[in-house]
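**Q** Sequence first, then the predicted structure:
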Amino acid sequence: MTVEELKKLKEKSGYTNNIISQLSGVPLGTVQKIFSGETKSPRYNTLQDLENMFNGEYRSRVDGLLLEESQAVYGTRVQGEYTVEDYLALPEERRVELIDGCIYDMGAPTGEHQMIAGDVYRQISNYIIEKGGKCIPFIAPTDVQLDCDNKTMLQPDMFIICEPKKLVTGRIFGAPDFVVEVISKSTKSRDYGKKLAKYMDAGVKEYWIIDRFKKSILVYDLQGEVCPTIYPIDADIPVALYENELVVNISRVIALLESMESVDN
């Protein structure tokens, strides 16, 4: 594997140089020089160690290492005690969410993930423009201070606010009206569980979970039924926020992704 290929994997994973060093066993200084481009021709064994690291299953260890890094930055802070101020003090390149005082690493979204979120955003945005609507669609990364407190800051993949006054100093202060999360393997448990509960409690009206791995889209009408409606991923899906007049279909982008994967294989 080449250095350029390793750089792409690093960007995709969201791992820091420190985490890569600890997981691979390659000295931190060497890792920094390789990914900065200072070392032009790394040793074969070093490249092999890095490739093996990216091919491993390290999610649990990564979460622990990220927590250690956060504690190193914030001293005695532990999960459950972090604040919005801590969140805002993190380096811009580190993408995380703050939920009830706990910091969760998100990593960089994949191109496939962004294609799906972007397609939903495009269709909804076009509808709002065509109808002269006043609601505003957003796409990640946009900070949402969901509970209007100092303990939670989320970055939904795509969302809508219909009260422009909630846009305060570059972030959303309060609950969006409509939220879409596109499942990633590293975030799926939070999207299905913790974030569903948070969105429900905060007053989000409608919540979609797009799961490409299960080929389904769950639609929660949080003002009505507790149980979601489950759609095939290529279905026409009405948006309750717009009284079902707006229908979203992502089959085109799903077919494109599948065709790309078939070529790669």
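**A** That came through, no problem.
**Q** what does the average pLDDT come to for stretch 198-205?
**A** Across stretch 198-205, the average pLDDT comes to 95.
**Q** which stretches of the stretch 151-265 of the chain aren't confidently modelled?
**A** The stretch 151-265 of the chain contains residues with pLDDT under 70 at 225, 263-265.
**Q** quick one: the strands in it?
**A** Remark: strands assigned in the stretch 151-265 of the chain by DSSP state E, counting those that start in this stretch are 158-161, 167-168, 171-173, 178-182, 206-211, 216-221, 229-232, 237-238, 247-248.
**Q** I'd like the distance from the closest residue to Ser186 other than its chain neighbours to Ile19, if you could.
**A** In space, and not counting its chain neighbours, Ser186 is closest to Gly107: 5.7 Å by Cβ to Cβ, 6 or more residues apart in numbering. Bear in mind the C-beta positions are built from the backbone N, C-alpha and C, glycine included. Between Gly107 and Ile19 the computed distance is 11 Å (Cβ to Cβ, to the nearest Å).
**Q** One more: Ser186?
**A** For Ser186, the distance to Ile19 equals 13 Å [Cβ to Cβ].
**Q** Point me to the helix or strand that includes Gln32.
**A** helix 28-36 (DSSP states H and E).
**Q** ugh, wrong one, I meant Asn45
**A** According to DSSP H and E, Asn45 maps onto helix 44-55.
**Q** I'd like to know which elements that helix is packed against.
**A** The helices and strands touching helix 44-55, judged by 3 or more Cβ pairs under 8 Å, 6 or more residues apart in numbering; DSSP states H and E, are helix 3-13, helix 17-24, helix 28-36.
**Q** and Ala89, which of those is closest to it?
**A** Closest to Ala89 of these is helix 17-24 (Cβ to Cβ; 17.4 Å).
**Q** what angle sits between that closest one and helix 44-55?
**A** Helix 17-24 runs at 100 degrees relative to helix 44-55, counting by axes from the mean of the first three to the mean of the last three Cα atoms, to 10 degrees.
**Q** Flag every buried residue along helix 17-24.
**A** Judged by neighbour count using 16 or more other Cβ atoms under 10 Å, the buried positions of helix 17-24 are Asn17, Asn18, Ile19, Ile20, Ser21, Gln22, Leu23, Ser24.
**Q** Likewise for stretch 124-141?
**A** Ile124, Ser125, Tyr127, Ile128, Gly133, Cys135, Ile136, Pro137, Phe138, Ile139, Ala140.
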